[in-house]
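Trainee: I would like the atomic coordinates for the input below:
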Amino acid sequence: MSIDVNPASAASEKEYEEAPAVRRPEHAEGSFTRLIEQQAAKIPSHVFLFSSLCSMGVSLGLELLGRERPARFIGSWVSPLLVMGVYNKLVKLLGTR
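Mentor: Modelled structure (predicted):
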């Protein structure tokens, strides 16, 4: 006999209808945005992961050599590279809208 600790668990099992998509002209993407998304989709996703791993390695190497400022500068590239990789993956999965 299991005790359900979440009183709302039965409510979460209900299936909800998806909200209708509201498409207004002011929410449409511009042609420049579509161009960027098309070009970004051409880049393989592993390029961003490999680049972020390389920047981590270079940053570690510079830190071990005692060059703290360049190490921190290059180490700060990791997050933007990973975010660009996520954006690239979303563009590939969802496409331009």
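Trainee: Let me see the ranges of the helices in the protein.
Mentor: Assigned by DSSP state H, the helices in the chain fall at 9-12, 31-40, 45-64, 68-75, 78-94.
Trainee: Packing partners of the fourth one?
Mentor: In this structure, helix 68-75 packs against helix 45-64, with contacts taken as 3 or more Cβ pairs under 8 Å, 6 or more residues apart in numbering; DSSP states H and E. Glycine gets a C-beta too; all of them are placed from N, C-alpha and C.
Trainee: Over to the second one?
Mentor: Packed against helix 31-40, as judged by 3+ Cβ pairs under 8 Å, 6+ apart, are the following elements: helix 78-94.
Trainee: Buried residues in the helix it packs on, which are they?
Mentor: Across helix 78-94, burial judged by 16 or more other Cβ atoms under 10 Å covers V78, L81, M84, G85, N88, V91.
Trainee: Tell me the one among the residues you listed nearest to P44.
Mentor: Using Cβ to Cβ, N88 comes nearest to P44 of the buried residues of helix 78-94, at 8.5 Å.
Trainee: Which residues are in contact with that closest one?
Mentor: Neighbour list for N88: A40, A41, I43, S45, F48 [criterion: Cβ atoms under 8 Å, 6 or more residues apart in numbering].
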